[in-house]
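Chemist: Okay, predicted coordinates and the sequence, questions at the end:
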Amino acid sequence: MSVTPENALAPDLALKASRSRVLFGSCLCGDVGYRICGSPLRMVKCDCESCRRARGVASASNLFVPARQFQWTRGESQVVSYRLPGSGSSFATAFCRRCGSDLPRASRGESVVVVPAGTLDSEPDLRPQAHVCVSEKFDIADDLPRYAETPPVV
Ligand SMILES: [Zn+2]
Ligand SMILES: [Zn+2]
């Protein structure tokens, strides 16, 4: 299997521009909301250690959106940012001050916003195009039974 670094994604991974769309998203408590106008550039599942720790998931589904297409619709003052210190790291995260939900954050010289797909208000008609940073992946993919709801613990 070939592994492609995130910053070298082939141009053909770019999402095909479709009809204009508006996507809305928000945090768990609802204090913070945002809007994306137009098609995202791409959607990938990131398996890097930073995403895993910051989001508590094995694989983070992220949309990449031009900053000019992104707007906070409410609660921007509630958004707290954290940038991982140290040379060689550009990882940053943002979250709601009240509920702690992961939220969109600026990346790559502020020209692109990385949007956690799980914060969208409705299921997007997009699918991830690739896994990136798989060299850091926790391999917990599975074929376990699937339940629509959480089954009782006891
Ligand atoms: Zn919140
Ligand atoms: Zn990552």
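Modeler: It's in. Ligands and ions are numbered 1, 2, ... in the order given.

Chemist: which regions of this structure lie under the pLDDT threshold?
Modeler: 1-20, 87-89, 108, 141-142 (pLDDT under 70).

Chemist: in it, which spans are helices?
Modeler: Ranges of helices in the chain, per DSSP state H, are 49-55.

Chemist: What parts of it come near ligand 1?
Modeler: 27, 29, 31, 96, 98-99 (C-beta under 5 Å from the ion). Where C-beta positions appear, they are placed from N, C-alpha and C, glycine not excepted.

Chemist: One more pass at 6 Å, please.
Modeler: 27-29, 31-32, 96, 98-99, 101 (C-beta under 6 Å from the ion).

Chemist: a markdown table for those, including neighbour count and distance to residue 68?
Modeler: Compiled in a markdown table, the residues of the chain next to ligand 1 are given as follows (neighbours: other C-beta atoms under 10 Å; distance: C-beta to C-beta, whole Å):
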| residue | neighbour count | distance to residue 68 |
| --- | --- | --- |
| 27 | 22 | 22 |
| 28 | 13 | 27 |
| 29 | 14 | 28 |
| 31 | 17 | 24 |
| 32 | 27 | 20 |
| 96 | 21 | 23 |
| 98 | 15 | 28 |
| 99 | 14 | 28 |
| 101 | 19 | 24 |
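
Chemist: What about those residues, which are in strands?
Modeler: Mapping the residues of the chain next to ligand 1 onto strands (DSSP state E) picks out residue 96.

Chemist: Now tabulate the residues of the chain next to ligand 1 in a markdown table and tack on distance to residue 124.
Modeler: Below are those laid out as a markdown table (distance: C-beta to C-beta, whole Å):
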| residue | distance to residue 124 |
| --- | --- |
| 27 | 17 |
| 28 | 18 |
| 29 | 22 |
| 31 | 22 |
| 32 | 19 |
| 96 | 21 |
| 98 | 25 |
| 99 | 22 |
| 101 | 17 |
